[in-house]
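J.: predicted model and sequence below, questions to follow.
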Amino acid sequence: MTEAEIEFVPDEHGGVTVMRDGHPQSHVDLADPEHLVFEYVQHMAAAIDAAFPGSDPIGVTHVGGAGLSMPRWVHATRPGSPQIVLEPDEQVTAAVRAELPLPRGHRIRVRPQLGRPGVAALKDDSAHVVLVDAFDEGRVPPDLQTLEFFTEVARVLRPDGFVAMNCPDEPGWRHVKDVAAGLREAFAPGGSLALVAMRDVMKGRRYGNTVLIASLGTVDADEVRRQVGRWPFPSGVLAGAELTRRTNGGTPITDGDARPSPAAPDPGVWRTR
């Protein structure tokens with residue numbers, strides 16, 4: 001295996017874009033870790049703010065790390081939060097640590113593991129939040145979208161916890177429907193589901209990211225909507241009967257028929273975390 005080409009490109013936002021083999025991986029602003037540039041990362045932050053307001057520490061597991069944008073944000077907003085990052089690319093992690101050092105006093109632990117075995121190794125009820133934001137050649141890996149994986153995630157979550165998953169798809173949401181069906185089954189009975197996306201993605205105008213939020217309890221969609229509204233991108237939130245209608249007809253993906261998420265029409269433009 002050849003070594004990846006890793007670049008750190010300063011930009012007009014006052015931060016740095018981490019590039020791997022010419023593709024953007026993350027945006028990091030060392031001076032202001034609460035400065036999140038990309039829309040679906042903002043949606044994940046909004047979900048955390050909705051479920052866990054205030055600055056008390058929370059336990060967060062990140063499936064996918066790259067530039068560690070969200071771990072930095074969690075540390076900045078909830079100092080002392082114990083965080084586990086499952087990032088198999090040790091080369092990227094080493095380069096990021098050298099070029100974009102983590103803040104002092106952090107409790108971020110990066111494990112050089114793939115997401116599936118990394119989650120399987122975690123203790124029951126050990127996380128308030130699991131964030132799934134992992135890619136392989138621009139697509140979400142097959143084994144991170146199955147009913148079996150979601151069942152493991154539900155085991156790891158505390159009763160008041162939730163998972164937020166970046167699920168990119170094409171207009172029509174054929175893939176999103178199947179992923180949503182798997183989350184519903186894994187978190188039943190008593191669980192709930194919501195979806196956040198930019199309005200043009202929600203209206204089916206283009207390929208793009210959706211963030212699926214599944215909880216063992218209740219997702220407060222109104223509060224998620226309020227928190228999403230604090231960020232600049234025009235986005236919407238679906239939950240309840242409306243989300244059921246929009247994702248009707250999906251079938252849970254299992255390990256036996258797993259597939260990656262649809263490829264982006266222009267790889268690298270949207271793939272950032």
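T.: Here it is on my side, so go on.
J.: list the helices and strands the longest strand along the chain packs on?
T.: Counting by DSSP state E, the longest strand found in the chain is strand 157-166. Counting contacts by 3 or more C-beta pairs under 8 Å, 6 or more residues apart in numbering; DSSP states H and E, strand 157-166 packs against helix 39-51, strand 127-132, helix 147-156, helix 174-186, strand 210-215. The C-beta positions use only the backbone N, C-alpha and C, and glycine is treated the same way.
J.: tell me which of those lies nearest to Gly67.
T.: helix 39-51 (10.6 Å; C-beta to C-beta).
J.: got the contact list for the closest one?
T.: 36, 58, 60, 69-70, 73-74, 77, 128-129, 131, 133, 160, 162, 164, 166, 196-198, 209-211, 213, 215, 219-220, 223-224, 226-228, 230-231, 233, 235, 272-273 (C-beta atoms under 8 Å, 6 or more residues apart in numbering).
J.: also stretch 116-125?
T.: 61, 63, 84, 86, 111, 113, 130, 141, 143-144, 149, 152-153, 155-159.
J.: would you mark the buried spots in that stretch?
T.: 116, 118-119, 122 (16 or more other C-beta atoms under 10 Å).
J.: tell me the SS of Leu195?
T.: Three-state assignment for Leu195 (DSSP: H, G, I helix; E, B strand; the rest coil): strand.
J.: tally up the residues packed near it, please.
T.: 26 (other C-beta atoms under 10 Å).
J.: roughly how far does it sit from Arg206?
T.: 16 Å (C-beta to C-beta, to the nearest Å).
J.: quick one: the helices in this protein?
T.: Ranges of helices within the chain are 39-51, 69-77, 90-99, 115-120, 147-156, 174-186, 199-202, 221-228, 240-246, based on DSSP state H.
J.: tell me the contacts of Gly80?
T.: Gly80 touches 57, 105, 107, counting by C-beta under 8 Å, 6+ apart.
J.: before we move on, what about Val85?
T.: So Val85 contacts 61-62, 65, 68, 71, 108-111 (C-beta under 8 Å, 6+ apart).
J.: just the buried residues of those residues.
T.: Here, 16+ other C-beta under 10 Å leaves 61-62, 65, 68, 71, 108, 110-111 buried among the contacts of Val85.
J.: dump those into a markdown table; add pLDDT as well.
T.: Listed next are those as a markdown table, based on pLDDT from 0 to 100:
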| residue | pLDDT |
| --- | --- |
| Thr61 | 98 |
| His62 | 98 |
| Gly65 | 90 |
| Leu68 | 96 |
| Pro71 | 98 |
| Ile108 | 98 |
| Val110 | 97 |
| Arg111 | 97 |
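J.: nearest to Thr254, of the residues you listed?
T.: For those, the nearest to Thr254 is Thr61 (22.7 Å; C-beta to C-beta).
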